[in-house]
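> Dropping a prediction and its sequence here:
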Amino acid sequence: MAILDAEPFPIELDLSALGLVVIDMQRDFVEPGGFGASLGNDVELLRAIVPATARLIDGFRKAGLPVIHTRECHRPDLSDLPPAKRDRGNPSLRIGDPGPMGRILIAGEPGADIIPELYPVEGETVIDKPGKGAFHATSFGDVLKEKGLRQLVFAGVTTEVCVQTTMREANDRGYECILATDATESYFPAFKQAAIEMIRAQGAIVGWTATTAQVREALG
Ligand code: C5J
């Protein structure tokens, strides 16, 4: 057992049941020419968390603890893409359209893959998810059970969409969830801040927050 100096209060970590979930650190969200940029966002904001996320991943790898990566992406035939998702908003490129990094958010295309700096190593699980949350239409829940995990540290993008959705879904399923505040980012800094405050509110209603340094310290 180790104590993580988290907010809104410290949490005891069970290192035999702790894993890291890195959400959607894909080229389509973090690099120019992808889905995030097509929505008019400044992807540089998201790139800024790459060093902290790399340190977090490194800490889990060195501690021999599981790292699970997710990718938001769809089948090439778009059979798992509801029209309500494809047609929302007014992006310059829609999901499935050809872009500079291949078809936007399509499994197997270069843009849908994880950025090289944070690329999974052999043995790490990668979950392709068609939704914002990682549990919907995936094996994520089964993978967590198979690995015997009860506590999850979350990193990735974007804080208030796929990260927060997955964290809340995990919280409802009984997992203790911790958001690594410097290893997550939003295209809207105010949304990130609000998400962090929501998580910490009301006595950790949907989890805890901690910095990468605090998590690494607790990993020993
Ligand atoms: C979004 C995500 N924001 N990974 N996806 O569309 O948060």
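Nice, I can see it. Just so it is clear, the model here is predicted, and its values are computed rather than measured. Numbers count the residues shown, from 1 in each chain.

> Point out the residues in the chain that sit beside the ligand.
Proximity of the chain to the ligand, by CB under 6 Å from any ligand atom, involves residues 24, 29, 72, 132, 157-158, 161-162. C-betas here are computed from N, CA, C, even on glycine.

> Touching the helix-or-strand element of the chain with minimal mean pLDDT from outside, list them.
None of the helices or strands of the chain scores lower by mean pLDDT, DSSP states H and E than helix 35-38, at a mean of 91. Applying CB atoms under 8 Å, 6 or more residues apart in numbering, the contact partners of helix 35-38 are 28-31, 43, 46, 91-93, 95, 99, 104-105, 111, 187.

> Restricted to buried residues, select the residues you listed in PyMOL.
The buried subset of those, as determined by 16 or more other CB atoms under 10 Å, is captured in PyMOL by this line:
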select buried, resi 28+29+30+31+43+46+91+93+95+99+104+105+111+187
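
> which parts of stretch 21-29 are buried?
So, applying 16+ other CB under 10 Å, buried residues of stretch 21-29: 21-29.

> And stretch 76-90, by the same measure?
Neighbour-count burial for stretch 76-90 flags 78, 80-81, 85-86 (criterion: 16+ other CB under 10 Å).

> Would you map the strands across the chain?
Assigned strands in the chain, in chain order: 2-4, 11-13, 18-23, 67-72, 98-99, 102-103, 125-129, 151-157, 176-185, 208-210 (criterion: DSSP state E).

> contacting residues around the second one?
With contacts defined as CB under 8 Å, 6+ apart, strand 11-13 is touched by 1-4, 151, 176, 178, 204, 208, 218.

> In ChimeraX, select just the buried ones from these.
The ChimeraX selection below is limited to those of the contacts of strand 11-13 classed as buried (16+ other CB under 10 Å):
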select :4,151,176,178,204,208,218
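
> Which single one of the contacts of strand 11-13 is nearest to the ligand?
The ligand lies nearest to Ile178 out of the contacts of strand 11-13, by CB to the nearest ligand atom, at 18.3 Å.

> Alpha carbons only: can I get stretch 102-120 in PDB?
Below are the C-alpha coordinates for stretch 102-120, written out as PDB (Å, rounded to 0.1, in the frame of the first residue of the first chain):
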ATOM      1  CA  GLY A 102      -5.500   9.300 -43.900                       C
ATOM      2  CA  ARG A 103      -9.200   9.000 -43.200                       C
ATOM      3  CA  ILE A 104     -10.200  10.900 -40.100                       C
ATOM      4  CA  LEU A 105     -10.600   8.800 -37.000                       C
ATOM      5  CA  ILE A 106     -10.700   5.500 -38.900                       C
ATOM      6  CA  ALA A 107      -9.000   2.400 -37.400                       C
ATOM      7  CA  GLY A 108      -5.700   1.500 -39.200                       C
ATOM      8  CA  GLU A 109      -5.200   5.000 -40.700                       C
ATOM      9  CA  PRO A 110      -2.000   6.900 -39.600                       C
ATOM     10  CA  GLY A 111      -4.000   9.700 -38.000                       C
ATOM     11  CA  ALA A 112      -6.000   7.400 -35.700                       C
ATOM     12  CA  ASP A 113      -2.800   5.900 -34.300                       C
ATOM     13  CA  ILE A 114      -1.100   6.900 -31.100                       C
ATOM     14  CA  ILE A 115       1.600   9.600 -31.300                       C
ATOM     15  CA  PRO A 116       5.100   8.100 -31.600                       C
ATOM     16  CA  GLU A 117       6.300   9.700 -28.300                       C
ATOM     17  CA  LEU A 118       3.700   7.700 -26.300                       C
ATOM     18  CA  TYR A 119       3.500   4.600 -28.400                       C
ATOM     19  CA  PRO A 120       2.400   1.400 -26.600                       C
END
